[in-house]
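K.L.:
here is a sequence with its predicted model. Questions after.
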Amino acid sequence: MTCIVPLWRIQWRSSFSIKVASSPIILRKSHFSQQHLGLCLWVFMASGHYLHFLVFGKYPYVSSRTQTQNVMKLLHGRAGCLADLGSGDGRLVFAATVEGFQCTGFEINSILAGYARVKAKWKGIPSSTATFINQDFWKTDLSKYNNVTVFLAPGVMEVLGRKLEKELPDEARVIACRFPFPDWTPTATEGEGLDQIWAYDMNAIHKLP
């Protein structure tokens with residue numbers, strides 16, 4: 001069995017990586033175990049979001065490694081429940097579980113949510129520590145979360161801010177990746193350019209006029 005993979009070059013070492021290729025390549029079944037092939041298919045389907053970004057100019061679904069590290073810096077010393085809104089492939093959730101957070105990733109894309117669940121099992125992370133929900137978080141009450149991370153398009157940030165102001169407790173901290181909340185004053189910021197993030201403490205936000 002062979003399959004042609006356009007645009008994306010998949011390489012295996014101890015783990016996989018994907019690089020843009022100038023021409024299609026052919027993957028033969030003999031090159032991979034069944035487990036490797038299945039995981040490649042998950043990655044290839046998820047990579048369609050990158051293609052969508054290249055063609056249509058939309059925003060990709062994942063944060064960079066540097067951005068994830070910046071988020072963890074501004075969560076340092078905190079604990080409890082964390083909601084990642086638009087969790088993508090789960091990388092931020094996985095980083096947060098290492099620091100002891102109980103995480104829920106909300107992802108409306110069923111392929112990405114499924115991939116994140118598979119990766120969590122592969123990493124040996126129990127569902128009590130990291131859960132990925134294929135659900136629209138707009139219809140979910142977020143009041144139980146005292147940590148919220150957000151990586152969404154700038155057009156929704158104002159509306160999301162109103163939802164979070166209404167639902168989150170005073171002790172909650174919200175971290176926005178790449179795109180800040182337009183009407184909020186940040187408590188702290190980290191990084192620059194595409195990796196910049198903003199932290200907002202809800203006790204201060206609730207006092208805003």
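P.N.:
Noted; the coordinates are in hand.
K.L.:
please, where are all the helices along this protein?
P.N.:
34-46, 48-56, 65-74, 91-98, 110-123, 157-167, 202-205 (DSSP state H).
K.L.:
mind listing what's buried along the longest one?
P.N.:
Going by neighbour count (16 or more other C-beta atoms under 10 Å), the buried part of helix 110-123 is 112-117, 119-120. Heads up, the C-betas are built off the backbone N, CA and C, glycines and all.
K.L.:
let's have these in TSV, adding distance to residue 65.
P.N.:
Formatted as TSV, the buried residues of helix 110-123 follow (distance: C-beta to C-beta, whole Å):
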residue	distance to residue 65
112	18
113	21
114	23
115	18
116	17
117	21
119	16
120	18
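K.L.:
in JSON lines: the residues you listed, plus distance to residue 70 and pLDDT.
P.N.:
As requested, those are arranged in JSON lines below (distance: C-beta to C-beta, whole Å; pLDDT from 0 to 100):
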{"residue": "112", "distance to residue 70": "22", "pLDDT": "91"}
{"residue": "113", "distance to residue 70": "24", "pLDDT": "92"}
{"residue": "114", "distance to residue 70": "27", "pLDDT": "93"}
{"residue": "115", "distance to residue 70": "24", "pLDDT": "93"}
{"residue": "116", "distance to residue 70": "21", "pLDDT": "94"}
{"residue": "117", "distance to residue 70": "26", "pLDDT": "95"}
{"residue": "119", "distance to residue 70": "22", "pLDDT": "94"}
{"residue": "120", "distance to residue 70": "23", "pLDDT": "96"}
